[in-house]
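>>> The following block contains a protein sequence and its predicted model.
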Amino acid sequence: MRGEIPEPGVGNSDSPTIEDINRACGTDSAGNYKARSATPSERLELTAFDTPSRHGPLPSRQDLRRSEVVTVITDTSGKRSDVAVVTSETRWIDSKGDFHLRSYLGIFARSLSRKWRIEHTQAQSGCDGCESQPISYSLAGLGDVRKAGKLVLLFDVQAYETWGMSAYELGGAGRGRWLSTAPAPE
């Protein structure tokens, strides 16, 4: 409304509305994108980007628990290159009995030479179940939600006692950007 200052992210023309997200989740309304699990060779190539030298070492222990999802998104119209999303969480208990969590998000685009290049990566470590718990991401949907000819990835986001959704718009050549972060409803 006129004269009122909207909450951050609300009313921002770059942020998808809940209606946009509902239309785009699960399927792309125009049918231009298809998501699938990565092949074993793609998985090996993409997970190589998540290395201790890039994001800090993990303890070499038997009690590590790791979950990882590698998704490849293909533009069925052939206008854009493939995109891959890697999300992982690694949990362990240290010698003092404290729980730890390391989360990783990688977004990659396939170049014309068929090699993967980094669009966006981030890794965070902290305690598991406390205020310094790192943010974890899960791919929730995809599509051209702003009708701008760009793929937008929608993520469920979780941290300590909070969750919400975030949208990442691919811009090509590593020029993507986060569109919004919305708090969870109470």
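The structure has been received and is ready for your questions. This structure is a prediction, so every number in the text was calculated from the model and none was measured.
>>> what about stretch 142-156, how long is it end to end?
12 Å (CA to CA, to the nearest Å).
>>> quick one: the strands in the chain?
For the chain, strands defined by DSSP state E occupy the ranges 33-37, 65-75, 83-93, 99-110, 116-127, 136-143, 152-159, 162-169, 177-183.
>>> Let's have the ones you listed in TSV, adding mean pLDDT and mean neighbour count.
Yep, even glycine has a C-beta here, placed from its N, CA and C like the rest. Listed next are the strands of the chain as TSV, based on pLDDT from 0 to 100; neighbours: other CB atoms under 10 Å:
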stretch	mean pLDDT	mean neighbour count
strand 33-37	88	14
strand 65-75	86	15
strand 83-93	88	20
strand 99-110	88	22
strand 116-127	86	17
strand 136-143	87	21
strand 152-159	87	21
strand 162-169	85	18
strand 177-183	66	16
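>>> What about the closest residue to Leu101 other than its chain neighbours, how many residues nearby?
Using CB to CB, 6 or more residues apart in numbering and skipping residues adjacent in sequence, the residue nearest Leu101 is Asp128, 3.9 Å away. For Asp128, the number of neighbouring residues by other CB atoms under 10 Å comes to 19.
>>> For Ala48, find the nearest of the strands of the chain.
Among the strands of the chain, the nearest to Ala48 by CB to CB is strand 116-127 (9.2 Å).
>>> Adjacent strands (with direction) for that closest one?
According to DSSP bridges, strand 116-127 has the following sheet partners: strand 99-110 (antiparallel).
>>> Compute the inter-axis angle for the strand it pairs with and strand 83-93.
For strand 99-110 against strand 83-93, the angle by axes from the mean of the first three to the mean of the last three CA atoms, to 10 degrees is 170 degrees.
>>> Can I get strand 99-110 in PDB, CA atoms only?
The C-alpha trace of strand 99-110 is given here as PDB (Å, rounded to 0.1, in the frame of the first residue of the first chain):
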ATOM      1  CA  PHE A  99      27.500 -33.200  17.600                       C
ATOM      2  CA  HIS A 100      28.800 -31.400  14.500                       C
ATOM      3  CA  LEU A 101      27.300 -30.700  11.100                       C
ATOM      4  CA  ARG A 102      28.800 -29.600   7.800                       C
ATOM      5  CA  SER A 103      26.500 -28.600   5.000                       C
ATOM      6  CA  TYR A 104      27.400 -28.000   1.300                       C
ATOM      7  CA  LEU A 105      25.500 -26.500  -1.600                       C
ATOM      8  CA  GLY A 106      26.900 -26.500  -5.100                       C
ATOM      9  CA  ILE A 107      25.200 -25.200  -8.200                       C
ATOM     10  CA  PHE A 108      27.000 -25.900 -11.500                       C
ATOM     11  CA  ALA A 109      26.400 -25.300 -15.200                       C
ATOM     12  CA  ARG A 110      27.700 -27.400 -18.000                       C
END
